[in-house]
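**Student:** What follows is a protein structure lacking sequence information:
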Ligand code: NAP
């Protein structure tokens, strides 16, 4: 029996890419998984996939920017399953453009989903974890939050802020046995990176020592480790997983 059997896990941006990889991996380990995403159709499909594999899932069609909807979704999960053990703040978007051409909308939407979305989710979950005196929060940042990247002032800022969020919150809630960690992936093959021009993809691969793109499963493996009891003395840290890019 896995240590995740019947653990209650919430993953945002869970209907595809890294979020789905994480949700599926938890489900394969016996966890109950609540999938949060804006893509209703895909969500229902993925919920069905988990149920076909014999797992339990909830599909919550929620925009992480919608604070009220987030609160209701978290209440629903707690009502159904009695609690939440792991929150993975994975939902994220890019609106890449050089800074001089970046619009206020490009800035607001990226900060809104990537940073404020994680704030909204964490705010909705934290009191419950504090009462429970246990919990793990995993924030999906990015290597560009550490290195910076041209064309991604908005995105890199949101991902750097998530690291500071992680380190600060970890110091506040550690005494209640709640761990908060961040993961900084490099170049991972998902729809987010599929839409990049070929020369940009080639350049990322050339900068990656292992000369391949990471997979959602690579990221899920690290999320599972960090959420497990094997990582019970780890908090407030950011883990780079980039095949040797930075
Ligand atoms: P993806 O393929 O674009 O998937 C992101 C998922 O999040 C989509 O299902 C998307 O739904 C959903 N989403 C977007 N906005 C949302 C919102 N407001 N509320 C709820 N769900 C929302 O991206 P990914 O590559 O898997 O990336 C996942 C995370 O890893 C992101 O935080 C990203 O920044 C980070 N990351 C990715 C890479 C990489 O190379 N791929 C590298 C470093 C970090 P819709 O498609 O319907 O909008």
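**Tutor:** Nice, I can see it. It should be emphasised that the depicted structure is a prediction, and the values quoted were computed from it without experimental measurement.

**Student:** Give me the neighbour count for residue 76.
**Tutor:** The number of residues packed near residue 76 is 14, by other Cβ atoms under 10 Å. Every residue, glycine included, has its C-beta placed from N, CA and C.

**Student:** got the buried residues for the host helix or strand of it?
**Tutor:** Following DSSP states H and E, one finds residue 76 within helix 67-81. The neighbour-count check on helix 67-81 (16 or more other Cβ atoms under 10 Å) flags 67, 69-71, 73-74, 77-78, 81 as buried.

**Student:** okay, those in CSV with distance to residue 127 and pLDDT next?
**Tutor:** Converted to CSV, those look like this (distance: Cβ to Cβ, whole Å; pLDDT from 0 to 100):
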residue, distance to residue 127, pLDDT
67, 15, 98
69, 18, 98
70, 13, 98
71, 11, 98
73, 15, 98
74, 10, 98
77, 14, 98
78, 10, 98
81, 16, 98
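
**Student:** Can you sort out which of the residues you listed also neighbour the ligand?
**Tutor:** With Cβ under 6 Å from any ligand atom as the criterion, the buried residues of helix 67-81 include none near the ligand.

**Student:** Residue 81 is in contact with residue 8, isn't it?
**Tutor:** Yes - counting by Cβ atoms under 8 Å, residue 81 does reach residue 8; the two are 4.6 Å apart.

**Student:** Are there residues contacting both of the two? Which ones?
**Tutor:** Shared contacts of residue 81 and residue 8 (Cβ atoms under 8 Å, 6 or more residues apart in numbering): 32, 34.

**Student:** just checking, residue 11 is part of a strand?
**Tutor:** Yes - counting by DSSP: H, G, I helix; E, B strand; the rest coil, residue 11 is part of a strand.

**Student:** which other helices and strands contact the helix holding residue 76?
**Tutor:** Packed against helix 67-81 by the contact rule (3 or more Cβ pairs under 8 Å, 6 or more residues apart in numbering; DSSP states H and E) you find strand 8-12, strand 32-37, strand 57-61, helix 117-132.

**Student:** Let me know the angle separating it from strand 57-61.
**Tutor:** Helix 67-81 and strand 57-61 meet at an angle of 160 degrees, taking axes from the mean of the first three to the mean of the last three Cα atoms, to 10 degrees as the criterion.

**Student:** and helix 67-81, how far from the chain's centre?
**Tutor:** Centroid separation for helix 67-81 versus its chain: 18 Å, with Cα atoms, centre = their mean, to the nearest Å.

**Student:** tilt between it and helix 117-132?
**Tutor:** Using the same axes, to 10 degrees: helix 67-81 against helix 117-132 is 40 degrees.
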